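> I need the structure of the sequence given here:
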Amino acid sequence: MESKRLIGLSLAFVVLALGAMSLWSYVTDDTWIHLRYAQNLLERGEYAFNPGDPTYGSTSPLWVFSLVFLLKLGLAPLVAARVLGLIVGAAKLIVAERLLVRFPVPASWRLWLLLLIALDAWFLRWTMSGMETPLAELLMLVLLGPIAASGPIAWVAWGATWGLGSLARPEIALLAPCALPWLLWLQRRRHPGRSAVASLAKVALGWLMVVGPWLIYAQSVFGRMIPGTAAAKSYPLQLTPSEVIEYLARTVQQLAAVQGILWIAFVVVALGFWIDRRRGLAGGDGKTFGPRALALGAVAATWLVVLVGGYSVKQVWTISRYVSPLIAPMLLAMATLGGAMLRRQGSRGRLGRGVTATAVVLALLINGWLLMVKVRPYATIFSEGVHDCYYATGEWLRDSTPPDAVIAALDIGAIGYASERRILDLAGLVSPDARALGLEMGFQQMVESGRWLDLGTPGYFFDRTPGEPRWVDRTVRGVRFELLDTCGIDGVGLAEAGVWTYALYKLERDDPIR
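I've put the predicted structure just below:
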């Protein structure tokens, strides 16, 4: 490896290491869901949150399998999750560096682009959270490999990567094939005689080799091939313009927070190129964009439209980790296309180069500010809340309730892991009956009405509310709620300010159901 490349990669690793130091204590409740699945898989040989009740409630089987490997080596649960995040995050930076060398990106930009990828606040946040997000980001970049390569496309390997992505994040199962038309177009440009049908057959073979055994297992054990999270976190197709725009704006905002200034620079470069082209001043022979640049831009744009549009029409309340896998592909596409336009403009592209350089510096500063001023304080406060509220309540339940006790909860990860008790998941991720009822009448209505009590009366209920405890001394559907304890967490999301109250109730059935 050239010394310049080695220096750039080393700097990117330094950024990753500094991010890890600043966010080492970060943990989410969903991290504990993965760890609970990994624990039961390691100790009982079953893919289950509640022992003896296998369910497809974890978004990322591949992440769970990887955690099992590290737990088997003797790592503590949270250490295993963080180490796995660091390993995958480092692998992502290595792949990004290789792509930057192979794509037609101006050589002087490569270091800065790699630093932008490394300092991306969402990447650092979720890499240290113990969640599967960096794995999804890594595999999305690997899927771009055939565009950067100059030889024949290894279709079986690409299909296998698609399969791994499908087991890392369900969205990749849909996004990856959206790139196929552009990859086949690129193959036709490079190797006109190769059969598209044969290529697709190889892709299918690679995908089935990886995903096929899991799908057979999932259908036979869970009775479904799609994770419960896909149903529990979305709603029926919605085409009402006002509602679609609301969800669209939130999703775009997640991307713009870390990359918006770069979008502005790209638009300035594109407008400058278009104006010069109209005036006949964009000199040079040949086409502005080569096949690789066009294919990369088309794939990134397609992924953006499909993912953002899909979340909007399905009314998914997005958080940054849902869109984080798009950030690096979009950056690579903008750099490749923008670089091609500036090369064609020659000396007339001074304004575009100046705007681009300024935008890169500002983007680095914005992400650094976002990380240290927003993400880090939130991560510290929230992680303390997860431990002191969720996990501590789970430990009390473990020490104070019979082994066969059932706890109903909205946030199930830490309380389920710490309590070692069966959980009735009112968000429907690991409790199929609750998911079916929630989809039928709406999850909020199901919880507020107490209809979930018809699924069986748990012994305890761990509720979440933005105000005062809402079930104190109430009798609902013949079940009396006795308040045992409360705790609070200051904000359950980076943009959701305010203290949320968590209340633990003991439930006793004293009247006939009414």
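> which residues touch Ile226?
Ile226 makes contacts with 56, 170, as judged by CB atoms under 8 Å, 6 or more residues apart in numbering. In this view, the C-beta of every residue, glycine as well, is placed from N, C-alpha and C.
> Find me the pLDDT at it, would you?
Looking at Ile226, its pLDDT is 86.
> Please renumber the chain so that the first residue is 39 from this point on.
With the count now opening at 39, the last piece we talked about shows up as Ile264.
> That one: what secondary structure?
coil (DSSP: H, G, I helix; E, B strand; the rest coil).
> Need the phi and psi values for it.
Per-residue torsions, Ile264: phi -110, psi 130 (degrees, to the nearest 10).
> What separation do you get for it and Gly250?
In this view, Ile264 and Gly250 are 15 Å apart by CB to CB, to the nearest Å.
> swap in Ser48?
40 Å.
> now do Gly494
36 Å.
> from what I can see Leu79 touches Pro89, true?
No: if you go by CB atoms under 8 Å, Leu79 and Pro89 don't touch, sitting 10.9 Å apart.
> more neighbours, these two?
A side-by-side neighbour count of Leu79 and Pro89, using other CB atoms under 10 Å, places Leu79 first with 20 against 15.
> Tell me how far stretch 389-402 lies from the chain's centre.
Taking CA atoms, centre = their mean, to the nearest Å, one finds stretch 389-402 lying 28 Å from the centre of the chain it belongs to.
> which parts of it are buried?
390-391, 393-394, 397-398, 401-402 (16 or more other CB atoms under 10 Å).
> picking that back up, in terms of neighbours, single out the busier of Ser48 and Gly250.
Comparing Ser48 with Gly250 by other CB under 10 Å, the one with more neighbours is Gly250, at 12 against 9.
> Now do the same for the more buried one: helix, strand or coil?
Once three-state DSSP is applied, Gly250 turns out helix.
> Tell me the confidence at it?
pLDDT, read off for Gly250, is 97.
> and the closest residue in space to Gly406 that isn't next to it in sequence, how many residues sit next to it?
Among residues not flanking Gly406 along the chain, Leu157 sits closest, at 6.3 Å (CB to CB, 6 or more residues apart in numbering). Neighbour count of Leu157, defined by other CB under 10 Å: 23.
> dump the residue contacts of Leu157.
53, 57, 402, 405-406, 409.
> Roughly how far does it sit from Leu403?
Distance from Leu157 to Leu403, by CB to CB: 10 Å.
> what do you get for Pro144?
Here the criterion is CB to CB. By it, Pro144 lies 21 Å from Leu403.
> Those two: who's more crowded?
Ranked by neighbour count (other CB under 10 Å), Pro144 and Leu403 place Pro144 first, with 17 against 12.
> Go ahead and confirm that one touches Ala378.
No: Pro144 is beyond contact range of Ala378, at 9.3 Å (criterion: CB under 8 Å).
> Show the model's pLDDT score for Lys271.
57.
> same thing with His229?
pLDDT, His229: 90.
> now swap in the one 3 residues further on and tell me
At Arg232 the predicted local confidence, pLDDT, stands at 91.
> Now it. Nearest residue, chain neighbours left out?
Nearest non-adjacent residue to Arg232 (CB to CB, 6+ apart): Gln225, at 5.6 Å.
> The helix or strand that neighbour falls within: which residues count as buried?
Assigned by DSSP states H and E, Gln225 falls within helix 218-228. Buried residues in helix 218-228, counting neighbours by 16+ other CB under 10 Å, are found at 218, 220-222, 224-225, 228.
> Give me the packing partners of that helix, helices and strands only.
helix 183-186, helix 234-259, helix 329-351 (3 or more CB pairs under 8 Å, 6 or more residues apart in numbering; DSSP states H and E).
> Pull the residues that contact the shortest one.
Contacting residues not belonging to helix 183-186 are listed as 136-137, 140-141, 191-192, 196, 199, 221, 224, 330, 333-334, 337 [CB under 8 Å, 6+ apart].
> let's go with 10 Å and repeat that
With CB atoms under 10 Å, 6 or more residues apart in numbering as the test, helix 183-186 has contacts from 133, 136-142, 179, 190-193, 195-196, 199, 217, 220-221, 224-225, 228, 329-337, 370-371, 374.
> List buried members of those by neighbour count.
By 16+ other CB under 10 Å, the contacts of helix 183-186 give 133, 136-138, 141-142, 179, 191, 193, 196, 199, 217, 220-221, 224-225, 228, 329-337, 370-371, 374 as buried.
> could you give the angle of the helix or strand hosting Ile299 to helix 329-351?
Here Ile299, judged by DSSP H and E, is contained in helix 279-317. Angle between the axes of helix 279-317 and helix 329-351 is 160 degrees (criterion: axes from the mean of the first three to the mean of the last three CA atoms, to 10 degrees).
> Could you pull up the mean pLDDT of helix 279-317?
Helix 279-317 carries an average pLDDT of 92.
> same check, this time on stretch 215-226
Stretch 215-226 comes out at a mean pLDDT of 96.
> now what about it, what contacts it?
Here stretch 215-226 has contacts from 178, 181-182, 184-185, 187, 190-191, 193, 196-197, 200, 232-235, 237-238, 241-242, 245, 329-330, 332-341, 343-345, 367, using CB under 10 Å, 6+ apart.
> 8 Å - rerun?
Under CB under 8 Å, 6+ apart, the answer for stretch 215-226 is 181, 184-185, 190-191, 196, 200, 232, 234, 237-238, 241, 329-330, 333, 336-337, 340-341, 344.
> CA atoms only: put it into CSV for me.
Extracted in CSV, the C-alpha atoms of stretch 215-226 (Å, rounded to 0.1, in the frame of the first residue of the first chain):
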residue,chain,number,x,y,z
PRO,A,215,-31.6,-6.0,-6.2
CYS,A,216,-32.5,-2.3,-7.1
ALA,A,217,-28.8,-2.0,-8.1
LEU,A,218,-29.0,-4.9,-10.5
PRO,A,219,-30.3,-3.1,-13.6
TRP,A,220,-27.4,-0.6,-13.4
LEU,A,221,-24.8,-3.4,-12.8
LEU,A,222,-26.2,-5.3,-15.8
TRP,A,223,-26.0,-2.2,-17.9
LEU,A,224,-22.4,-1.7,-16.8
GLN,A,225,-21.6,-5.3,-17.7
ARG,A,226,-23.1,-4.8,-21.1
